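In: Here you go, sequence then predicted model.
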Amino acid sequence: RTPLAMACIEGHTETVKLLLEHKKIDVNVIDKNGLTPLCNASIPGHAEIVELLLEHPVANVDHTDKDDSHWKSLQYDTPLIMACIGGHKEVVELLIKYKADVNHTNKQEHTPLVLACMGGHAEIIELLKEIGKVDINVTDKRKNAPLVLACMAGQKEAVEQLLKIGADVNVTDEQNVQPLIH
């Protein structure tokens, strides 16, 4: 990993600022895990570092870990997906502000919304819906909608939020079972 990647992972904001001042810095360098510094800062939710990276003119807000040369690159996750998994609302807001793709799907065809639902992150679900570009009934690779997945994961707050914003309560899973059964 590069010094920038390590500073992003560890949350060392001042070090990141210093490194970003260097003219030859590659803000999109990919580490052995297929992750950029932006990904590495999004996973633990280091919002100030995420913002510093996004302000760099060549930062790739939608980088995926989709490079087969990296043995851990299995999910095709973006920084936004990683922030949604972790429940990092401030990071999610920043990534959306910088035009992250809110409908990107990973290898399982999970969108940021789906992963926020599975993690029970109701505030992020509301935020994604507020921007108006997400399908709250989108299905994944196994034809499961966010409401089904939230029910399966036992995420009461996510279920409440999905119902509040109009999710289809009669949607079924891949085996034609309704969310109530889960």
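Out: Received, thanks. Numbering: from 1, shown residues only.

In: Work out for me the element the residue nearest the centre of the chain sits within.
Out: By Cα atoms, centre = their mean, the mean C-alpha position of the chain lies nearest to residue 81, the distance being 1.4 Å. Counting by DSSP states H and E, the element that carries residue 81 is helix 79-86.

In: again with residue 110
Out: Going by DSSP H and E, residue 110 is not in any helix or strand.

In: so who does it touch?
Out: 81, 118, 140 (Cβ atoms under 8 Å, 6 or more residues apart in numbering). C-beta here means a position set from N, CA and C on the backbone, and glycine is covered the same way.

In: Next: residue 131.
Out: Neighbours of residue 131 in contact, by Cβ under 8 Å, 6+ apart: 96, 102.

In: what about 10 Å?
Out: 93, 96, 102 (Cβ atoms under 10 Å, 6 or more residues apart in numbering).

In: Break the chain down into its structural domains.
Out: 1-101, 105-182 (automatic domain parsing).

In: Figure out how far the shortest one is from the centre of its chain.
Out: Here the centre of mass of C-alpha atoms in domain 105-182, compared against the chain's by Cα atoms, centre = their mean, to the nearest Å, lies 14 Å away.

In: Residue 155 and residue 134: what is the separation?
Out: 17 Å (Cβ to Cβ, to the nearest Å).

In: next one: residue 143
Out: In terms of Cβ to Cβ, residue 143 sits 18 Å off from residue 134.

In: Neighbour count: those two, which is higher?
Out: residue 134 (21 against 14; other Cβ atoms under 10 Å).

In: Check what pLDDT that one gets.
Out: Per-residue confidence (pLDDT) for residue 134: 90.

In: just checking, it touches residue 102?
Out: Yes - judged on Cβ atoms under 10 Å, residue 134 makes contact with residue 102 at a distance of 5.5 Å.

In: shared neighbours of these two, which are they?
Out: 111-113, 127-128.

In: Can you add pLDDT and give those back as CSV?
Out: Shown next, in CSV, are the shared contacts of residue 134 and residue 102 (pLDDT from 0 to 100):
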residue, pLDDT
111, 93
112, 95
113, 95
127, 95
128, 94
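
In: Which one (most neighbours) among those residues?
Out: Neighbour-wise, the shared contacts of residue 134 and residue 102 (other Cβ under 10 Å) top out at residue 112, 30 neighbours.
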